[in-house]
Each structure stands twice: as C-alpha cells, then as structure tokens.
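A.B. asks: okay, predicted coordinates and the sequence, questions at the end:
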Amino acid sequence: VMVMDPCSLSLAVPTIENANEVSIYPNPALNTIAINCGTSLINELRIYNTIGQQVYHSMGSKTATQYVNVSSFPAGVYLTQLYTNTGFIQAKFIVQK
C-alpha cells in the first residue's frame, strides 16, 4: 500500500484567470479581512483551516466585497472557497498573532 507523505502536500491555489479574481487584504491579517472579487458578487463564502475543518461559512453579502472578523482564528494559513455569480474561486490568507 502506497502512503503519501503529508508533508509533501502543497497548499498551492490554482491560478485565477479572467473575471474570477480575488484579493484578500490585509494579508497576513490580525483582526478583519476584506475579500474582494472585483466585478463578481459573492454568493457564498467558506473558510477552511489547513486540516480541512470549516471554520467560517456565510451565504455571502451579494456584493463584491465581504468583511470577515478573523480575530478569534488561531494563527495559520486558511483556504477560502468563494461561490460568485461568475463562478468558483479559491484563495488563501494568513492569520498572524
């Protein structure tokens, strides 16, 4: 049985093309992040920690920018999944303490 080394897994996020662009700022963050999808509207937002646990879920603001309070998140890397009116977008951000 072949076993993958968990340390060899990449946290890379695929390149985002066309209108499906996202910016997360500030990054790294301390308290609140702003997630901006340019001209796309955020319908749903999910945030996961690096072990795959969902730590935040919102049905979205139906606006291009959504603000999330991350002050209670432990320091680390987080992965976002955004469902917009133009498609699916993934991005990552860092919380530092």
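C.D. replies: Received, thanks. A quick note: this is a predicted structure, and the numbers were derived from the prediction, not measured. Numbers count the residues shown, from 1 in each chain.

A.B. asks: check what pLDDT the residue nearest to Gln96 when sequence neighbours are not counted gets.
C.D. replies: The spatially closest residue to Gln96, leaving aside those adjacent along the chain, is Pro28, at 4.4 Å (CB to CB, 6 or more residues apart in numbering). (Each C-beta comes from the backbone N, C-alpha and C, glycine too.) We have a pLDDT of 96 for Pro28.

A.B. asks: how far away is Pro28 from Phe88?
C.D. replies: Distance of Pro28 to Phe88, given as CB to CB, to the nearest Å: 24 Å.

A.B. asks: show me which of the two is the more surrounded one.
C.D. replies: When Pro28 and Phe88 are compared for neighbours, Pro28 comes out ahead with 13 against 10, by other CB atoms under 10 Å.

A.B. asks: that one touches Tyr78, doesn't it?
C.D. replies: No: Pro28 is beyond contact range of Tyr78, at 10.5 Å (criterion: CB atoms under 8 Å).

A.B. asks: so what's the nearest residue to Met59 once chain neighbours are set aside bridging to?
C.D. replies: Using CB to CB, 6+ apart and skipping residues adjacent in sequence, the residue nearest Met59 is Glu44, 5.6 Å away. Beta bridges link Glu44 to Tyr83 when assigned by DSSP bridges.

A.B. asks: where do the contact lists of Pro28 and Tyr78 overlap?
C.D. replies: Phe93, Ile94, Val95 (CB atoms under 8 Å, 6 or more residues apart in numbering).
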